[in-house]
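1. With the sequence up front, the predicted model follows.
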Amino acid sequence: MTRAYPLEKVRNFGIIAHIDAGKTTTSERILYYTGESHKIGEVHDGNTTTDWMEQERERGITICSAAITCYWVPSYMGKDTSRKMMFNIIDTPGHIDFTAEVKRSLRVLDGAVVVFDGVAGVEPQSETNWRYADDGKVPRICLINKLDRTGGSFERSYQSILSRLTKNAIRMQIPIGEEEKFEALIDLLKMKAFYFEGEMGKDIVEKEIPAEYLEKAKKYRAETVEKIVEQDEQAMADYLDGKEIPLETLKAILRKATIANTLVPVMTGSALKNKGIQLVLDAVVDYLPAPTDIPPVKGINPETGEETVRHSSDTEPFSALAFKLQTDPFVGQLTYFRVYSGSVTPGIYLYNSTNGKKERLGRIVRMQADKREEVDIVYAGEIAAAVGLKEAKTSHTFCDEANPIVLDQIVFPEPVISLRIEPKTKADQEKMGMALKKLSDEDPTFKIVSDQETGETVIKGMGELHLEILVDRMKREFSVEANVGKPQVAYKETITAPAEAEHKYIKQSGGKGQYGHVKINIKPLEKLEEGAKIPKNVSRSEGFEFINSIKGGVIPIEFIPAVEKGIVEGMERGVVAGYKMVDISCELTYGSYHDVDSSEIAYKIAASQAFQEAAKKAKPVILEPIMKVEVVVPEKFMGDVAGHLNSKRGVIEEMGERGMNKVIDAKVPLSEMFGYITTLRSMTEGRASVNMEFDHYDIVPPNVAKAIAETRGATPAA
């Protein structure tokens with residue numbers, strides 16, 4: 001079976017943005033203009049295709065990323081269907097609580113359309129998403145949306161991209177009119193004006209640039225062309241000689257530069273008013289990469305440990321990455337995957353190189369948000385979902401068993417907020433365990449832990465809304481009623497000085513006894529420089545390093561893993577207030593053993609006790625999550641709001657302007673921000689808004705640490 005669309009005609013891209021910038025509205029226009037839907041859904045009407053969950057439609061926000069496939073003939077090609085392109089699009093959430101959806105989507109996409117609110121410009125989650133795209137070296141196109149809104153300004157939003165995100169952004173278009181006068185846009189390369197007429201702006205009408213905009217367009221075109229030709233020596237030489245650079249040459253250079261992330265094209269429009277979206281789709285075709293344009297994916301051969309690569313080709317051995325799990329009420333578990341090389345068909349046994357297991361692949365479906373379309377084969381560069389895989393998890397690799405590869409795993413942020421949860425009735429108890437497991441399989445930032453002292457179940461997530469949605473889903477999708485406690489901050493503990501400790505665990509009971517003896521040094525963990533190699537005697541995981549410095553076999557090698565395990569268990573309960581300890585380097589320096597009595601359990605207990613003793617001497621501290629907070633407020637309330645943030649242990653970093661309002665950027669501890677939105681609204685007559693996202697962990701002041709330890713019933717370590 002041959003593929004309908006060659007790899008060169010495939011585009012895998014995501015739509016990413018801050019909340020309320022217009023991602024879902026843009027997605028709806030894309031579906032309409034590509035012919036996938038015959039009626040445009042609106043967020044405010046609760047009838048959009050990509051926001052299909054009840055919770056999304058009720059709140060008017062995106063919670064789960066939605067995958068859609070559609071087909072597009074570039075508008076400048078007329079009706080030439082031989083130029084039709086295949087788009088695999090993922091519409092992602094903009095709320096910080098669901099940032100994992102953006103992170104995992106960008107891991108498997110080749111490009112992104114970043115949408116900005118034309119009034120607000122760059123917002124906090126815009127910066128976070130941009131950073132994720134930078135990490136994955138994902139090429140981008142920008143769309144400055146909502147220029148029809150009061151306060152909309154293309155130039156101000158464009159300048160915010162230049163100052164806060166990248167100096168490589170270049171104008172491709174400028175608007176004709178703004179706010180209620182926004183009527184069309186000017187393409188700076190073609191030097192033509194484009195109007196969108198007919199039903200839902202479906203008809204693109206090309207006209208000459210209005211006289212009053214001509215000089216402005218010429219000026220900006222010169223800047224754009226200059227930035228493009230700087231990317232190519234021959235074009236630069238021709239440009240300096242005064243030659244006119246052909247349009248196709250400029251587009252070819254810009255495509256190469258966009259894929260290399262040295263330029264970022266900036267488009268404009270209004271999705272709600274049906275202006276400019278078709279030209280964004282043309283730009284996706286012209287500038288974002290096909291799977292063949294990106295570097296081959298890298299992985300590790302699990303048998304040899306050597307690095308290996310897979311090129312985007314149907315003829316290479318099969319490899320794919322599972323990036324999302326979703327429970328479907330009709331077909332069970334769906335495992336979304338991106339095929340990087342080869343192809344896969346239903347009915348085969350799928351080899352999972354991450355866990356070494358094989359599962360029969362029953363059905364493969366192509367997703368249209370919550371709709372499914374069965375397919376007989378999935379080729380390299382395509383995105384699909386497998387039905388009913390029980391062993392697969394997010395970040396697992398599927399591959400050809402004869403040519404194994406394990407692709408790089410997706411790293412997710414740690415949860416910063418927790419709450420206690422219990423089933424309302426005995427009937428809910430068993431169902432709750434099953435529901436929580438399914439939800440945590442779907443969402444890697446949702447963690448479930450059991451409090452060993454109280455036996456209570458604690459759930460952890462990225463924010464209050466995140467946990468609220470998950471509890472609501474448990475009720476609606478799994479029919480589980482639960483009582484929930486108040487949200488709690490996910491504190492951590494660490495050490496600030498080196499220390500050592502020695503512990504012997506000896507137990508005699510008539511017969512065979514227990515004997516374990518270890519001596520350890522601990523110190524704060526230093527961050528590894530990129531590319532640094534880890535020595536053979538060191539094992540390192542997130543926030544922990546174990547160094548085996550035993551010489552002469554004073555502790556037999558078979559007991560070393562038990563020592564490491566004991567230290568890891570000792571870190572689970574900190575010495576200040578019982579929170580998990582992180583960022584610690586531990587070196588095993590000495591010990592002894594008994595020919596008869598030594599055992600793994602004895603060394604594990606000895607190591608755990610030694611760690612606890614050392615941690616108490618290493619100046620332990622509590623760490624708390626610090627949030628990046630942006631408050632947009634009318635000028636007359638600015639002093640009150642700034643003073644209030646200071647009273648919450650906040651540090652104000654910057655004050656700026658956004659239209660008629662003032663913007664306050666601050667770093668504030670999460671523990672001080674519960675219920676802040678309600679307080680802010682009452683302080684500002686409901687006219688202020690706040691955005692908040694996790695920034696980093698920092699040491700808690702001593703007086704606050706003492707209060708935290710007392711509420712946990714602990715005595716702070718000296």
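-> Looks like it came in fine.
2. Residue 69: what secondary structure?
-> strand (DSSP: H, G, I helix; E, B strand; the rest coil).
3. Measure how buried it is and give me the count.
-> Neighbour count for residue 69, taken as other C-beta atoms under 10 Å: 19. Placement of C-beta: from N, CA and C, glycine included.
4. OK, contacts around it?
-> In this structure, residue 69 makes contact with 86, 87, 88, 89, 366, 367, 368, 383, judged by C-beta atoms under 8 Å, 6 or more residues apart in numbering.
5. same thing with residue 142?
-> Residue 142 is in contact with 113, 114, 115, 116, 161, 169, 264, 265, 266, 267, counting by C-beta under 8 Å, 6+ apart.
6. per-residue pLDDT, residue 163?
-> On pLDDT, residue 163 comes in at 89.
7. what's the longest strand in the protein?
-> When the chain is parsed with DSSP state E, its longest strand is strand 620-634.
8. partner strands of that strand, parallel or antiparallel?
-> In the sheet, strand 620-634 lines up against strand 492-495 (antiparallel), strand 661-669 (antiparallel), strand 689-699 (antiparallel) (DSSP bridges).
9. residue ranges for the strands of the stretch 101-250 of the chain, please.
-> For the stretch 101-250 of the chain, strands defined by DSSP state E, counting those that start in this stretch occupy the ranges 111-117, 140-145, 169-171, 173-176, 184-187, 192-197, 203-207.
10. so where's the stretch 1-150 of the chain shaky on pLDDT?
-> Scanning the stretch 1-150 of the chain for pLDDT under 70 picks out the ranges 1-2, 36-65, 78-80, 94-97.
11. ranges for the helices of it?
-> For the stretch 1-150 of the chain, the helices defined by DSSP state H, counting those that start in this stretch cover 23-33, 54-59, 99-108, 124-135.
12. Quick one: closest of these to residue 348.
-> Smallest distance to residue 348 across these (C-beta to C-beta): 21.2 Å, for helix 99-108.
13. tell me how far that closest one is from the chain's mean position?
-> Remark: helix 99-108 is offset 4 Å from the chain centroid, using C-alpha atoms, centre = their mean, to the nearest Å.
14. And that helix, what does it pack against?
-> Contacts defined by 3 or more C-beta pairs under 8 Å, 6 or more residues apart in numbering; DSSP states H and E place helix 99-108 against strand 10-17, helix 124-135, strand 319-328.
15. can you do 10 Å?
-> Counting contacts by 3 or more C-beta pairs under 10 Å, 6 or more residues apart in numbering; DSSP states H and E, helix 99-108 is packed against strand 10-17, strand 66-72, strand 85-91, strand 111-117, helix 124-135, strand 319-328, strand 332-341.
16. Out of these, the one nearest residue 491 is which?
-> Among these, helix 124-135 comes nearest to residue 491, with 22.4 Å by C-beta to C-beta.
17. got the buried residues for that closest one?
-> With burial defined by 16 or more other C-beta atoms under 10 Å, the residues of helix 124-135 counted as buried are 124, 125, 126, 127, 128, 129, 130, 132, 133.
18. counting contacts, what elements does that helix pack onto?
-> Short answer (3+ C-beta pairs under 10 Å, 6+ apart): helix 124-135 packs on strand 10-17, helix 99-108, strand 111-117, strand 140-145, helix 154-164, strand 620-634, strand 689-699.
19. Check which residues of the longest one are buried.
-> By neighbour count with 16+ other C-beta under 10 Å, strand 620-634 contains the buried residues 620-633.
20. what about the most centrally placed residue in the chain, distance to residue 694?
-> Closest residue to the average C-alpha location of the chain: residue 103 at 2.1 Å, with C-alpha atoms, centre = their mean. Per C-beta to C-beta, to the nearest Å, residue 103 is found 13 Å from residue 694.
21. any shared contact partners between these two?
-> 128, 413 (C-beta atoms under 10 Å, 6 or more residues apart in numbering).
22. quick revisit: just send the helices of the stretch 1-150 of the chain back as CSV, with distance to residue 237 too.
-> Below are the helices of the stretch 1-150 of the chain laid out as CSV (distance: least, C-beta to C-beta, whole Å):
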stretch, distance to residue 237
helix 23-33, 39
helix 54-59, 53
helix 99-108, 37
helix 124-135, 32
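23. for these, which one sits closest to residue 414?
-> Nearest to residue 414, of those and by C-beta to C-beta, is helix 99-108 at 10.9 Å.
24. Now for the residue nearest to residue 544 when sequence neighbours are not counted: which residues touch it?
-> Leaving aside its sequence neighbours, residue 544 sits nearest to residue 584 (C-beta to C-beta, 6 or more residues apart in numbering; 6.1 Å). By C-beta under 10 Å, 6+ apart, the contact list for residue 584 reads 493-495, 522-525, 543-546, 567, 570-571, 611, 614-615, 618, 620.
25. Select only the buried ones of these in PyMOL?
-> The following PyMOL line selects those of the contacts of residue 584 that are buried, judged by 16+ other C-beta under 10 Å:
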select buried, resi 493+494+495+522+523+525+544+545+546+567+570+571+611+614+615+618+620
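26. Need the helices and strands packed on helix 99-108 in TSV (columns: distance to residue 670).
-> Shown next, in TSV, are the helices and strands packed on helix 99-108 (distance: least, C-beta to C-beta, whole Å):
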stretch	distance to residue 670
strand 10-17	24
strand 66-72	29
strand 85-91	28
strand 111-117	25
helix 124-135	15
strand 319-328	27
strand 332-341	31
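27. what's the closest of these to residue 228?
-> strand 111-117 (18.4 Å).
28. hey, where'd the helices end up in the stretch 201-350 of the chain?
-> Using DSSP H, counting those that start in this stretch, helices in the stretch 201-350 of the chain cover 211-229, 233-240, 247-259, 277-287.
29. Find the one among the ones you listed with the highest mean neighbour count.
-> helix 277-287 (a mean of 22; mean count of other C-beta atoms under 10 Å).
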